[in-house]
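S.K.: I'd like to go over a predicted model; first the sequence, then the structure.
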Amino acid sequence: MRHFHVILSHEIRMLAVGAGTYVAAVLFLALMGFVFSGPLLESYTKSPQEVPPAVMFFNAFWLPVLFMVPLLTMRCLSEERRRGTMETLLTAPVGTAEVVLGKYCAAYLLYLLLWTATGAFFLVLKLFAGGAWPSDPAPLLGGYLFIAASGLFFVALGILASALSRNQAVAGVLAFVLLFALIFGLRFAASADLPNTGAARLLRESLGQASLFRHLEDFSAGIVDTRHLLYYASGAVFSLVLAVLSLEAKLLHS
């Protein structure tokens, strides 16, 4: 992994000078500002202790994820393959795993940066809410920890989708489908009408425990379950391994 830092720094520079990065950042912050306006309006009608603004804000995490992650990752590997520069890159003493990991880390860092910028919303609310601001920081800190942990898996799925297709649009749609299945598939399956048997109850409970919304509830309550962290980390590793294997297989037969 000697060349990982070189690839990572190159990807960060490309993101820093790319106009698309700033367009995505503006759109993301505008969307999240609109989402955050809900807690602001609710704070006039409900006690912040009853409905913390952070809880309502992070409950809508899926909305930017479904659109932002595909935009961040769809060109990472598919564009390199479309232009034919992936083969040139790999003729240098650089491994496929280094390329995938470098692009993944750059996209993940940008993902974290964009979410971190939303902290300004809560800062403004704290400055102007006065005594109405809740004293318990658990929902806010837990929400951001959930974003950081789940983002490991989200971005890895986007990288996998980019490795599976040389077409950016197809990679973006595939990333959207994978993310939608991860976020909502388990939730729908857990609430499905299953037979009232011991096996069905066990399956429903297992699916419920794997639901991201259940995880968010725990994080927002200040409960950091290491099983949730392991779930996202292992999912990210598995997705990246699949991306490396897929990329090597496609390059081998191209």
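M.R.: Received, thanks. Numbers count the residues shown, from 1 in each chain.

S.K.: correct me, but residue 73 touches residue 164?
M.R.: No: between residue 73 and residue 164 there is no contact under CB atoms under 8 Å: 11.5 Å. Heads up, the C-betas are built off the backbone N, CA and C, glycines and all.

S.K.: point out where the stretch 101-250 of the chain drops to low pLDDT.
M.R.: Residues of the stretch 101-250 of the chain meeting the criterion pLDDT under 70: 129-135, 186-187, 189-208.

S.K.: and the helices in it, which stretches?
M.R.: Counting by DSSP state H, counting those that start in this stretch, the stretch 101-250 of the chain has helices at residues 119-129, 138-164, 168-180, 186-190, 198-210, 212-220, 226-252.

S.K.: residue 66 is nearest to which of those helices?
M.R.: Closest to residue 66 of the helices of the stretch 101-250 of the chain is helix 168-180 (CB to CB; 5.6 Å).

S.K.: re earlier: please identify the deepest-packed of the helices of the stretch 101-250 of the chain.
M.R.: Mean neighbour count (mean count of other CB atoms under 10 Å) peaks for helix 138-164 among the helices of the stretch 101-250 of the chain, with a mean of 24.

S.K.: that helix to helix 168-180, inter-axis angle?
M.R.: Relative orientation of helix 138-164 versus helix 168-180 (axes from the mean of the first three to the mean of the last three CA atoms, to 10 degrees): 140 degrees.

S.K.: mind giving me the packing neighbours of helix 138-164?
M.R.: helix 53-58, helix 62-73, helix 96-117, helix 168-180, helix 212-220, helix 226-252 (3 or more CB pairs under 8 Å, 6 or more residues apart in numbering; DSSP states H and E).

S.K.: as TSV, those with distance to residue 155 would be great.
M.R.: What follows is the helices and strands packed on helix 138-164, written out as TSV (distance: least, CB to CB, whole Å):
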stretch	distance to residue 155
helix 53-58	18
helix 62-73	6
helix 96-117	5
helix 168-180	10
helix 212-220	15
helix 226-252	8
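
S.K.: which one of these lies closest to residue 16?
M.R.: Closest to residue 16 of these, according to CB to CB: helix 96-117, at 9.3 Å.

S.K.: and the gap between residue 115 and residue 234?
M.R.: 22 Å (CB to CB, to the nearest Å).

S.K.: returning to what we had before: name the residues contacting each of residue 73 and residue 164.
M.R.: Residues touching both residue 73 and residue 164 (CB atoms under 8 Å, 6 or more residues apart in numbering): residue 171.
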